[in-house]
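1. predicted coordinates and the sequence they were generated for:
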Amino acid sequence: PFSAVVIGLLAPTIKLKDGGPVFHKATRVGLHGAPFTMFKLRTMQVDAPDLRNPDGSTYSGPNDPRVTHLGNFLRKTSLDELPQVFNVFRGDMSFVGPRPDLIEQAMYYDDLTRKKLTVRPGVTGYNQAYFRNSIPWSERLGNDVFYARNVSVLFDLRILLRTFVSLVTPVGIARVHQTSRGDSNVAT
């Protein structure tokens, strides 16, 4: 109910801003490697170019010109993630688990990294709660494997509590790195 109310309030604002779609749909890798469509509130301008970091992860810099004014607010508060509750109800995701990667990133998993696919991806997880986007993708993968090997109700409760704290004190939303286009001092 809370998610539906907030999405219902934000949707007209997103739509009125530029007439584009309210939701962003992205194909991600889920449980046992099965692809699924993940939903988010759209935070970027319509037809924004797809920028990637050198490690292949999606670019998410603090001053990204592709992101709308409302989109910046949605990202800082993580309200753009609310539609993933629909993914939870569909069974594609859980509330806590590793963040689902892009299909092309999963092609680079080794046997150890594939362990993250033994649990459902989550709306929030160990990385989001403790690091947000402040660490490289390779380190996030290691943390995802750690989570998959140590999943428990207590661990999930700690992650949920820490997620709340990280939302109230938004630090580490972006990390300084280089994009695949070679721009320096760009947050990723």
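-> Perfect, thanks for sending it. Residues are numbered from 1 along each chain as shown.

2. quick one: contacts for residue 105?
-> 29, 56, 57, 137 (CB atoms under 8 Å, 6 or more residues apart in numbering). C-beta: built from backbone N, CA, C; applies to glycine.

3. can you tell me how far it is from residue 23?
-> Counting by CB to CB, to the nearest Å, the gap from residue 105 to residue 23 is 22 Å.

4. for the spatially closest residue to residue 45 that is not a sequence neighbour, grab phi and psi.
-> Spatial nearest neighbour of residue 45, excluding adjacent residues (CB to CB, 6 or more residues apart in numbering): residue 66 at 5.6 Å. Dihedral pair for residue 66: phi -80, psi -20, per degrees, to the nearest 10.

5. which pLDDT value belongs to residue 66?
-> pLDDT recorded at residue 66 is 91.

6. shouldn't it be in contact with residue 49?
-> Yes: Residue 66 is within contact range of residue 49, at 7.0 Å (criterion: CB atoms under 8 Å).

7. compare these two (neighbour count), which wins?
-> Neighbour totals were compared for residue 66 and residue 49, and residue 66 leads with 15 against 9 (other CB atoms under 10 Å).

8. list the contacts for that one?
-> Contact analysis of residue 66 by CB under 8 Å, 6+ apart lists 44, 45, 48, 49, 51.

9. residue 80: neighbour count?
-> Residues lying near residue 80 (other CB under 10 Å) number 23.

10. how much space separates it from residue 42?
-> Plainly put, residue 80 is 8 Å away from residue 42 if you go by CB to CB.

11. need the overlap of contacts for those two.
-> Residues touching both residue 80 and residue 42 by CB under 8 Å, 6+ apart: 24, 71.

12. what about the helices in the protein?
-> 2-18, 69-77, 84-90, 103-106, 126-130, 137-150, 153-168 (DSSP state H).
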